[in-house]
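K.L.:
Fold the following, please.
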Amino acid sequence: EYIKGQATPPKVFVSASGSNYYGNAFNVPKIESDPSGSGFLAEVCKSWEDAAAGSSVRTVLMRIAPVLRAEDGALAKMMTPFKFFIGGPTGSGTQGFEWIHKDDMARAIRVFVENEATEGPYNVSAPGTITNRQFADALGDVMHRPSFFRVPKVMLELVFGEMSVVLWGGSTVKTDKLEAAGFKHDFPEVKLALQDLIRD
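P.N.:
Take a look at the predicted model:
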């Protein structure tokens, strides 16, 4: 839209980084006021947010958990060993595992655009906490495959590179602030989310 030959400035800037902002939190729940962590991905997220903070309009900083999509991304790669009956937890399996259904992530963006009271950082993840092993068990159930082959850290690093820390490092975040903004998850449970995403 143009007014007198000039583009109308946006009313909100929604920036997307990751829950990796907090580093390897393992099983310590993080809220938005907690400081950033250490490590490659944490530093990338912090730098991205620092750059976004320079916006002159209302700015929302989304810290997004790994987004579940069956077509690509982390879930697609995690599904591969299960297809060959060699799936299971990654790393120790006891670390926290954050995730969000792709449709819930898209709906969260809409909340931030429409709710003018939203500003600053928000954890965008499924509610509650699960471990990597619990996620693997749910994935195995949905794919009708066993889930007892533990994938070692070195294998994760070969397949995922720097991104492997998402799987072996783990994190846990709280989403109270997101829900207080009026957001309600359509897929709060991991098994329900996986059933929706993975069709036989």
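K.L.:
From the structure, what's the count of residues near residue 182?
P.N.:
11 (other C-beta atoms under 10 Å). C-beta here means a position set from N, CA and C on the backbone, and glycine is covered the same way.
K.L.:
And the strands in this protein?
P.N.:
2-3, 6-7, 12-18, 58-64, 67-68, 100-101, 120-124 (DSSP state E).
K.L.:
so where is this structure shaky, pLDDT-wise?
P.N.:
1-7, 26, 156, 159-169, 200 (pLDDT under 70).
K.L.:
Just give me the residue right at the centre of it.
P.N.:
residue 65 (1.0 Å; C-alpha atoms, centre = their mean).
K.L.:
contacting residues around that residue?
P.N.:
18-19, 98-100, 123-126, 173 (C-beta atoms under 8 Å, 6 or more residues apart in numbering).
K.L.:
Go through those residues and name the one nearest residue 76.
P.N.:
residue 99 (13.4 Å; C-beta to C-beta).
K.L.:
May I ask you to confirm that the closest one is in contact with residue 126?
P.N.:
Yes: assessed by C-beta atoms under 8 Å, residue 99 is found in contact with residue 126 at 5.6 Å.
K.L.:
Now do the shared contacts for the two.
P.N.:
Common contact partners of residue 99 and residue 126 (C-beta under 8 Å, 6+ apart): 65, 190, 193.
K.L.:
who are the neighbours in contact with the last one?
P.N.:
For residue 193, the set of contacting residues under the criterion of C-beta under 8 Å, 6+ apart consists of 68, 99, 101, 126, 187.
K.L.:
run the last query once more with 7 Å
P.N.:
68, 101, 187 (C-beta atoms under 7 Å, 6 or more residues apart in numbering).
K.L.:
possible to save the shared contacts of residue 99 and residue 126 as TSV with distance to residue 75?
P.N.:
Listed next are the shared contacts of residue 99 and residue 126 as TSV, based on distance: C-beta to C-beta, whole Å:
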residue	distance to residue 75
65	12
190	11
193	10
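K.L.:
ok, of these, which one's closest to residue 39?
P.N.:
Among those, and counting by C-beta to C-beta, the member closest to residue 39 is residue 65, at 16.5 Å.
K.L.:
on that earlier part again, neighbour-wise, which one of the contacts of residue 193 leads?
P.N.:
Most crowded among the contacts of residue 193, counting by other C-beta under 10 Å, is residue 68 at 27 neighbours.
K.L.:
tally of neighbours for the closest residue to that one other than its chain neighbours?
P.N.:
Distances taken as C-beta to C-beta, 6 or more residues apart in numbering place residue 75 nearest to residue 68, at 4.9 Å, with adjacent residues excluded. For residue 75, the count of nearby residues is 21 (other C-beta under 10 Å).
K.L.:
Likewise for the one 3 residues further on?
P.N.:
Using other C-beta under 10 Å, residue 78 is surrounded by 20 other residues.
K.L.:
and the gap between the residue nearest to it when sequence neighbours are not counted and residue 55?
P.N.:
Among residues not flanking residue 78 along the chain, residue 139 sits closest, at 6.6 Å (C-beta to C-beta, 6+ apart). Distance of residue 139 to residue 55, given as C-beta to C-beta, to the nearest Å: 38 Å.
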